[in-house]
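Student: coords please:
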Amino acid sequence: MMRQKLYLECTAGISGDMMVGALLDLGADEKKLRRTLESLNLDGYSVEVKRVKKSGLDVCDFAVNLDAAHENHDHDMGYLHLHQHMPDGDADKQEHTHIHTHEHRGLPEIIDMIQSSGMSDRARMIACRIFDILAQAEAKAHGVPPEQVHFHEVGAVDSIVDISAVAICLDDLGMEDVIVPVLYEGCGTIRCQHGVLPIPVPATLNIVTDHHLKLHRMDVEGEFVTPTGAAIAAAIRTEDRLPECFRVERVGMGAGKRNYERPGILRALLIVPEDMKTNEEYGNLDAEDVKTDEKSGNTDAEDEIVKLECNMDDCSGEAVGYAMERLFAAGARDVHYTPVFMKKNRPAYMLTVLCTPDQREIMEEILFTETTTIGIRRQRMKRSVLKREICKANTSLGEAMFKKVEYHGVIRYVPEYESAAALARESGISFLQVYRRLERELNESTEALSSDASAAGM
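Tutor: Residues are numbered from 1 along each chain as shown. Got it, this is the predicted structure:
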């Protein structure tokens, strides 16, 4: 079974609230989202989820409603674009009614807030990654170190909620492979804390440049790609091309709040790549790449994987650990590092990354950015892949996710780590006990097993 992928169609831009709306529309658990957001211990807002009409389409709208002390006018067209979208004279009135003192937050404070929340480890990692990209972009724009950046728009309450919500929903859906081919952006100017700036604003442009995102300029006035939206795309993208052939399993659409000539709708598609087959099954695959067991009916296919390696004798353990987090967040199939001794008997690490061929450039970018390496070895190799699928089952500890793996008719069930860890936290039983119980129950009885088409693919 092919691994599910999330495809973001950003033909009307991307922002934090649009992304959350699209993920909720795809099936992310709204109750879980609200419960987890409450653990941020963040005041000054409320969350509203509703259905709205955009160009006659039924779209999910995720709104962060701020109180007067935290309002940043992100959706106030008169404030953002002055006379461009207002009757004459009204913009001058807005100059005096939209001046508020906002709470500024630095990156360390925001990261601490996320780390101390009730978010899962993977959701925390995604959220921190997005904020780190924003901090790097703002730091570059203002010429200061990232840790000295004090956010205004980025540090506002709604941005913290939007980014955390994106991470929570992505984790809930189990999405690891994300395709973002291109971001569509408008033209003109927009007003922010630093004055009236050209579109794309510097932070967005820095993100697009540093993370090699493709940008398409539309002849439409307005900011369609916000810095938060660009950072989300950069943080979660693992691929920039759609497969030649795929099956669409679900569609989610998130609504934007700004009223531009082109309505803001972000469409997220849950897809499954499919082989281009002729009438003869597997007819387009090389004969040596497909081995069929006539007795069991199994097909054990080979695919290609890329192995990246680099040696580092001047990189701290903390930096290597952080690089590993980023590599996994970007979709690496596996990452590990091995203690080695280099020339002059220097202790060092050999960092190894396994990824798909289309992920190689992203992985190399992370290695060059987050470690001290100045060279990366790469090797393409074939691997044998067993038939597998993600399923769920009702167990004595609660619902659990697991892998169903098949080889020549022999089936075994392997508990998913995140699912086992969640049950261990809820039950107070040790992880090893939970894992062994799940493994025993799943392999002893198959009556409760049901394939879950909406679960995250491998």
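
Student: in this structure, which spans are helices?
Tutor: Secondary structure of the chain by DSSP state H: the helices cover 16-26, 30-38, 77-81, 90-97, 107-115, 121-142, 157-173, 202-210, 227-236, 317-329, 360-370, 417-427, 431-444.

Student: in this structure, where's the longest strand?
Tutor: Ordering each strand of the chain by length in residues (DSSP state E) puts strand 299-312 first.

Student: neighbours of V248, how many?
Tutor: The local packing of V248 (other C-beta atoms under 10 Å) involves 10 other residues. From N, CA and C alone the C-beta is placed, and that goes for glycine too.

Student: repeat that for T373.
Tutor: Residues near T373, counting by other C-beta under 10 Å, number 19.

Student: kindly state the beta-bridge partners for the residue nearest to L26 when sequence neighbours are not counted.
Tutor: Leaving aside its chain neighbours, L26 sits nearest to G252 (3.3 Å; criterion: C-beta to C-beta, 6 or more residues apart in numbering). Bridge pairing for G252 (DSSP bridges) gives the partners A268.

Student: please name the residues that touch G252.
Tutor: G21, A22, L23, L24, D25, L26, G27, C60, R267, A268, L269, L270 (C-beta atoms under 8 Å, 6 or more residues apart in numbering).

Student: in the protein, where is pLDDT below threshold?
Tutor: 1-2, 68-104, 146-155, 193-194, 275-302, 445-458 (pLDDT under 70).

Student: related to what we said a few turns ago, what lines up beside the longest strand of the chain in the sheet?
Tutor: strand 290-292 (antiparallel), strand 347-355 (antiparallel), strand 377-385 (antiparallel).

Student: the residue nearest the centre of the chain - nearest residue in space that isn't next to it in sequence?
Tutor: In the chain, the residue lying closest to the centroid (C-alpha atoms, centre = their mean) is I236, at 3.2 Å. Nearest residue to I236 in three dimensions, chain neighbours excluded: V178, at 4.6 Å (C-beta to C-beta, 6+ apart).

Student: now G256
Tutor: G264 (2.3 Å).

Student: please tell me how far the closest residue to G331 other than its chain neighbours sits from I366.
Tutor: In space, and not counting its chain neighbours, G331 is closest to T238: 3.3 Å by C-beta to C-beta, 6+ apart. Applying C-beta to C-beta, to the nearest Å, the value for T238 to I366 is 11 Å.

Student: which residues do the two both contact?
Tutor: A330.

Student: what is the neighbour count of the closest residue in space to V208 that isn't next to it in sequence?
Tutor: The shortest distance from V208 to any non-neighbouring residue, by C-beta to C-beta, 6+ apart, is to L215 (5.3 Å). L215: 16 surrounding residues under other C-beta under 10 Å.

Student: one more: T226?
Tutor: Neighbour tally, T226, other C-beta under 10 Å: 27.

Student: that one against I207, yeah?
Tutor: No. Judged on C-beta atoms under 8 Å, T226 makes no contact with I207 at a distance of 10.3 Å.

Student: any idea how far V306 is from the residue lying closest to D334 once chain neighbours are set aside?
Tutor: Excluding the flanking residues, the one nearest D334 by C-beta to C-beta, 6+ apart is L354, at 4.3 Å. L354 sits 7 Å away from V306 when distances are taken as C-beta to C-beta.

Student: how about V161?
Tutor: Relative to V306, V161 is positioned 37 Å away (C-beta to C-beta).

Student: with A156 instead?
Tutor: Taken as C-beta to C-beta, the span from A156 to V306 is 40 Å.

Student: neighbour count: those two, which is higher?
Tutor: Higher neighbour count among A156 and V306: A156, with 25 against 19, using other C-beta under 10 Å.

Student: and for V201, the neighbour number?
Tutor: Using other C-beta under 10 Å: V201 sits among 21 other residues.

Student: ditto for Y260
Tutor: By other C-beta under 10 Å, 20 other residues sit near Y260.

Student: wouldn't it be in contact with G186 here?
Tutor: Yes. Y260 is within contact range of G186, at 6.9 Å (criterion: C-beta under 8 Å).

Student: quickly list what's touching both of the two.
Tutor: Shared contacts of Y260 and G186, defined by C-beta under 8 Å, 6+ apart, comprise V220, E221, G222, F224.

Student: farthest-separated two in these?
Tutor: For the shared contacts of Y260 and G186, the farthest-apart pair by C-beta to C-beta is E221 and F224; their separation is 10.0 Å.

Student: what do these two both touch?
Tutor: G186, Y260.
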